[in-house]
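Have a look at this fold, sequence not included:
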Ligand SMILES: Nc1ncnc2c1ncn2[C@@H]1O[C@H](COP(=O)(O)OP(=O)(O)OP(=O)(O)O)[C@@H](O)[C@H]1O
């Protein structure tokens, strides 16, 4: 049933349009400078309750800076940042978030159980230790010392700690960097579990397959600005790049080719205009076979979007 509102003046009741999910974190025209470096350049972004958002962008795009502003570690040089409708500097509001920065150093002599309990003690409410460790494939390891853990186990623990205080909103800065496939999948499961229970997640990643596997919404950031914001399919569409694959001995110069890659007998050409490219190919009258045209992966779209940026500036 549609929700209704009552006009305070007329007393008339009207159905409202679709209920809009609450905004948990908001950046409005945010600029952040570090000396001469412009890390964020008038960026605006809303994170809604229940979303799983992937922030994607090359090194130095401004992703970590944005997270640091949302979690109250830094202040914007200009513009406004809100957390749960208030200031990220307010410690009461910060209790509603969980964070795993890009690098974490945990004391090597402490045991996993001790670290989890220590973090839990900072929150009014916390999740059960056993369940948390199970979600991040660390079950039965409570008594293991941090110093003796593998890199993957340490990272899984660091990420699990973001969830200890039963947060509404979690920020994960490159959660799976340096992990092998198995450890990465264990982490993804933990993140998915939290999200399936209604939790909101913002994560940055260089692994495009990770963003495709986890996120419903992708925000591509480049040079401190939002370049694209949509579903993974939208982002591919915005880039509009096609991959044209064919078998040919040698190819002439063709119009609109963004990149060329050879794989055995096959040649892959990336282009924003597959029609023009194929026409030029036919006109060139060189023998080719097994022509195939398909949409690009998110990785290819991402590279095209970020490569375009200097020309747009
Ligand atoms: N504390 C700082 N002092 C000076 N410059 C900084 C500082 N932190 C970030 N920067 C600069 O701001 C820009 C944005 O950096 P940021 O770490 O936010 O990017 P990023 O997208 O998270 O990159 P990465 O993917 O490499 O982590 C970069 O040019 C970086 O060198």
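In hand now; what should we look at? Remember, it's a predicted structure, so these values are computed and weren't measured experimentally.

who in this protein is up against the ligand?
34, 37, 39, 57, 59, 60, 61, 62, 63, 64, 65 (CB under 6 Å from any ligand atom). (Glycine included, C-beta is placed from N, CA and C.)

What about the fifth one, how many residues nearby?
When neighbours are defined as other CB atoms under 10 Å, residue 59 has 6 of them.

and it, helix, strand or coil?
coil (DSSP: H, G, I helix; E, B strand; the rest coil).

how near is it to residue 218?
Here residue 59 is placed at a distance of 18 Å from residue 218 (CB to CB, to the nearest Å).

and residue 211, that one's in a helix?
Yes - under three-state DSSP, residue 211 sits within a helix.

How many residues are close by it?
Applying other CB under 10 Å, we find 26 other residues in the vicinity of residue 211.

residues contacting it?
By CB atoms under 8 Å, 6 or more residues apart in numbering, residue 211 lies in contact with 54, 56, 203, 205, 218, 232, 298.

Hmm, residue 193 is touching residue 137, no?
No - if you go by CB atoms under 8 Å, residue 193 and residue 137 don't touch, sitting 11.3 Å apart.

could you pull out the strands for the stretch 101-250 of the chain?
For the stretch 101-250 of the chain, the strands defined by DSSP state E, counting those that start in this stretch cover 169-173, 200-205, 217-222, 225-230, 242-247.

Could you export the ones you listed as CSV, including mean neighbour count?
Shown next, in CSV, are the strands of the stretch 101-250 of the chain (neighbours: other CB atoms under 10 Å):
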stretch, mean neighbour count
strand 169-173, 24
strand 200-205, 25
strand 217-222, 24
strand 225-230, 18
strand 242-247, 18
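
Show me what residue 31 is bridged to.
Beta-bridge partners for residue 31, by DSSP bridges, are residue 78.

Check the gap between it and the ligand for me.
Using CB to the nearest ligand atom, to the nearest Å, we find residue 31 at a distance of 12 Å from the ligand.

Number the residues from 35 up from this point.
Okay, residue one is now 35; in that scheme the one you just asked about reads as residue 65.

Next, the contact list for that residue, please.
72, 74, 75, 76, 77, 110, 111, 112, 113, 258 are the contacts of residue 65 under CB under 8 Å, 6+ apart.

quick one: pLDDT of the fifth one?
In the prediction, the pLDDT value recorded for residue 77 is 96.

Check for me that it belongs to a strand.
Yes - Residue 77: assigned to a strand according to three-state DSSP.

what's the closest non-adjacent residue to it?
Among residues not flanking residue 77 along the chain, residue 64 sits closest, at 5.0 Å (CB to CB, 6 or more residues apart in numbering).

Over to the last one?
Closest residue to residue 258 in three dimensions, ignoring its sequence neighbours and counting by CB to CB, 6+ apart: residue 75, at 3.7 Å.

List the residues that contact that neighbour.
The neighbours of residue 75, taking CB under 8 Å, 6+ apart as the test, are 65, 96, 257, 258, 259.

Can you get me a residue count around the spatially closest residue to residue 214 that is not a sequence neighbour?
Nearest residue to residue 214, sequence neighbours excluded (CB to CB, 6+ apart): residue 186, at 6.3 Å. Neighbours of residue 186 under the rule other CB under 10 Å: 18.

do the same with residue 224
Neighbours of residue 224 (other CB under 10 Å): 22.

so which strand or helix has the residue positioned nearest the centre of the chain?
The C-alpha lying nearest the average C-alpha coordinate of the chain belongs to residue 88 (CA atoms, centre = their mean; 1.8 Å). Secondary structure from DSSP states H and E places residue 88 in strand 86-90.

Centre of the chain to the helix or strand just after that strand, how far?
The helix or strand immediately downstream of strand 86-90 is helix 97-104, counting by DSSP H and E. Centroid displacement of helix 97-104 relative to its chain, using CA atoms, centre = their mean, to the nearest Å, is 12 Å.

For helix 97-104, which outside residues touch it?
If you take CB under 8 Å, 6+ apart as the criterion, helix 97-104 is touched by 59, 61, 64, 66, 73-74, 77, 79, 81, 89-91, 108-110, 115, 117, 122, 131, 133, 135-136, 205, 207, 236, 238, 255, 258.
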